[in-house]
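[1] I'll drop the sequence and a predicted model, then ask my questions.
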Amino acid sequence: LFSSAKDQTPNAWYSINGERLGSFVGHGGAVWCIDVNWDSTSVLTGSADNSCRIWDLQYGKTVSTFETKSAVRTCGFSFGGNLVAYSNDKAMGQACELLIFDIRDEYQMKNQEPMMTIPAPRSKITAAVWGPLDEYFVTGHENGDVITWDMKGGDMLQKSEAHAKQINDIQTSKDGYMVIAASKDSTAKLFDLKTLECKKTYKTDRPVNSAAISPIKPHVVMGG
């Protein structure tokens, strides 16, 4: 298990007994997001210290650092692990953008020049996740919008205004073709990824901070 918090130090844990395996030391601010690649060799973190870092999981050392002009709010490895994406906050005169890097490209990494930059429309990105086979990217926004993007050209594919307040979390189903969005409007909604048609709404009596789809049963779980 991998966790991040406001204490600046992400951690790795053994899921079988809860013992801490190690920590990733180096950030200077709250760590808002964390992800691990498919073979658990690298960890990606985004922080309020205006940086996004790639770590060597085994040794807990920073491999690459992306410097930004505002806090990094979301980050994630692609399905294949060769691409990383992160978004920064709209703050200090900096627009909210989604940036995608190919970590195999030495020029991109050395010069911090992304292969693609997508400006956030209308409202800043507050949650994000890769779709199946690196074809899509899904973003949730402060105003409640959920948007899918084509990763070949960076074009907006679909947009849903289904939520009334900020999206706190987005996660995919096991096959990647369904997504669930958790919102401050006290609901979580299940969407078809290709059409963003809302398939079901789960209502609660408080804001939903996170939601996930079970990989083995027709269940969802929500926390708030």
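    Cool, got the structure.
[2] residue 115 is in contact with residue 107, correct?
    No - applying CB atoms under 8 Å as the test, residue 107 and residue 115 come out as separate, 10.1 Å apart. Where you see a C-beta, it was placed from the backbone N, CA and C, and this is true even at glycine.
[3] the two - which one has more neighbours?
    The neighbour count for residue 107 versus residue 115, taken as other CB atoms under 10 Å, is higher for residue 115 (13 against 8).
[4] and the closest residue to residue 150 other than its chain neighbours, what is it in contact with?
    Sequence neighbours aside, residue 157 is the residue nearest to residue 150 in space, at 5.4 Å (criterion: CB to CB, 6 or more residues apart in numbering). Taking CB atoms under 8 Å, 6 or more residues apart in numbering, we find residue 157 in contact with 136, 148, 149, 150.
[5] could you flag which of the residues you listed are buried?
    136, 148, 149 (16 or more other CB atoms under 10 Å).
[6] ok, those vs residue 161, which is closest?
    Checking those against residue 161 with CB to CB, the nearest one is residue 148 at 13.4 Å.
[7] roughly how far apart are the closest one and residue 195?
    Residue 148 sits 9 Å away from residue 195, going by CB to CB, to the nearest Å.
[8] hey, what's in contact with both of those two?
    Overlap of the contact sets of residue 148 and residue 195 (by CB under 8 Å, 6+ apart) consists of residue 158.
[9] among the contacts of residue 157, which two are most distant?
    For the contacts of residue 157, and using CB to CB, no pair is farther apart than 148 and 150, which are 7.9 Å apart.
[10] overlap in contacts, those two.
    Common contacts of residue 148 and residue 150 (CB under 8 Å, 6+ apart): 136, 156, 157.
[11] helix, strand or coil: sort out the last one for me.
    Spelled out, it's residue 157. strand (DSSP: H, G, I helix; E, B strand; the rest coil).
[12] lovely, talk soon.
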